[in-house]
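Trainee: predicted model follows, preceded by the sequence.
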Amino acid sequence: LIEHLHEENYADVRIDEYFLPGRPCYQTTHSVHDNLVFGYDLQAREFYVAGYGQDYEVRTVGFDDMAKAFHHAPWSQIDMRWLRFMRLREHAPFGFDLAGMTAQLRDYIHSAATLSEDAMRAGNFYWKMRRFAGSWGLETYDAFVEYLRRIRGERKPLDLRATRTLWEHKACMLARLTFLESANYFLPGRRFSGAYAPIEGRVKALRFEAYEYNACGLEACHLDTM
């Protein structure tokens with residue numbers, strides 16, 4: 001791994017975060033998850049790792065901890081392990097599919113399902129919810145509100161992946177608008193990122209409200225705010 005990094009080949013790895021200090025599941029829950037290893041410090045015997053802790057962040061991970069995170073993953077998650085290398089190409093050409101992105105946004109607005117129900121249920125990521133075919137596009141918001149109401153009635157903890165995914169969607173949408181504006185893909189005078197930024201901020205606040213709900217006794221007032 002050090003030899004590859006020395007040659008500027010970065011490591012895309014999926015490793016057991018049970019062994020990574022600073023991660024939410026450290027020493028509590030085995031969870032094989034994706035990380036990017038992009039540097040090292042031989043004197044300190046540490047790698048520089050980008051991944052998700054409290055939020056996306058860069059942390060140092062000891063050589064021994066990194067080895068354990070790869071080699072000691074539980075057998076139930078062993079097939080999820082992954083290691084590949086990639087190199088940054090400074091002047092590599094890239095294309096931008098404006099028509100494809102427009103079609104994707106149209107699907108989003110009209111809540112068009114882009115995978116069949118059979119394909120969804122057959123997906124490895126969907127094995128816990130095989131009886132549910134999913135909500136798409138704008139219909140997702142109604143499903144999200146219904147989820148909050150159900151949790152309020154059952155007085156159960158929230159699955160924080162729901163609020164995280166919602167925030168990620170807004171962050172990506174804001175980045176997309178900013179890119180389109182910088183590349184002059186909109187008509188003159190049409191700018192949208194400034195109006196969209198507060199939406200991304202509100203959803204980030206919603207994430208913290210969800211943390212408060214789970215951490216402070218499942219008080220219904222937090223769900224009402226959300």
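Mentor: Perfect, I can see it now.
Trainee: number of residues surrounding Y52?
Mentor: Using other CB atoms under 10 Å, Y52 has 14 other residues around it. In this view, the C-beta of every residue, glycine as well, is placed from N, C-alpha and C.
Trainee: what about the spatially closest residue to it that is not a sequence neighbour, which SS state?
Mentor: Using CB to CB, 6 or more residues apart in numbering and skipping the chain neighbours, the partner closest in space to Y52 is H33 (7.2 Å). Following DSSP: H, G, I helix; E, B strand; the rest coil, we place H33 in the strand state.
Trainee: how about H33, what does it touch?
Mentor: R14, I15, E17, G51, Y52 (CB atoms under 8 Å, 6 or more residues apart in numbering).
Trainee: how close does the first one sit to L98?
Mentor: Read that as R14. Counting by CB to CB, to the nearest Å, the separation of R14 from L98 is 33 Å.
Trainee: lowest-pLDDT helix or strand in the protein?
Mentor: Within the chain, confidence by mean pLDDT, DSSP states H and E is lowest for helix 117-122 among all helices and strands, at a mean of 76.
Trainee: and the next helix or strand after that helix, average pLDDT?
Mentor: Moving toward the C-terminus from helix 117-122, the next helix or strand (DSSP states H and E) is helix 139-154. For helix 139-154, mean pLDDT is 93.
Trainee: hang on, the earlier thing: quickly list what the residue nearest to Y52 is bridged to.
Mentor: Following DSSP bridges, H33 is listed with bridge partners I15.
Trainee: any idea how far D97 is from it?
Mentor: 29 Å.
Trainee: can you check the distance spanned by stretch 179-192, start to finish?
Mentor: One end of stretch 179-192 sits 11 Å from the other (CA to CA, to the nearest Å).
Trainee: and it, what's buried?
Mentor: L180 (16 or more other CB atoms under 10 Å).
Trainee: what does stretch 29-47 give?
Mentor: So for stretch 29-47, counting by 16+ other CB under 10 Å, buried means S31, V32, H33, N35, V37, F38, Y40, E46, F47.
Trainee: if we only consider the residues you listed, which is nearest to R89?
Mentor: F38 (15.3 Å; CB to CB).
Trainee: helix or strand: which one has the closest one?
Mentor: Here F38 sits within strand 32-41, counting by DSSP H and E.
Trainee: more neighbours: R14 and L98, which one.
Mentor: A count of neighbours by other CB under 10 Å puts R14 above the other of R14 and L98, at 18 against 11.
Trainee: hmm, that one is touching R84, no?
Mentor: No: look at R14 against R84 with CB atoms under 8 Å: they stay out of range, at 9.7 Å.
Trainee: where does the prediction get shaky in the protein?
Mentor: For the chain, residues meeting the criterion pLDDT under 70 lie at 123-133.
Trainee: tell me the SS of the residue of it positioned farthest from its centre?
Mentor: The outermost residue of the chain, judged against the average C-alpha position, is P188 (33.4 Å), by CA atoms, centre = their mean. Secondary structure state of P188, per three-state DSSP, is coil.
Trainee: measure it to C221 for me?
Mentor: Relative to C221, P188 is positioned 46 Å away (CB to CB).
Trainee: how about F19?
Mentor: 38 Å.
Trainee: over to E7?
Mentor: Counting by CB to CB - E7 and C221 are separated by 55 Å.
Trainee: phi, psi of A11?
Mentor: Backbone torsions for A11, taken as degrees, to the nearest 10, come to phi -100, psi 120.
Trainee: picking that back up, which pair in the buried residues of stretch 29-47 spans the largest distance?
Mentor: S31 and Y40 (23.5 Å).
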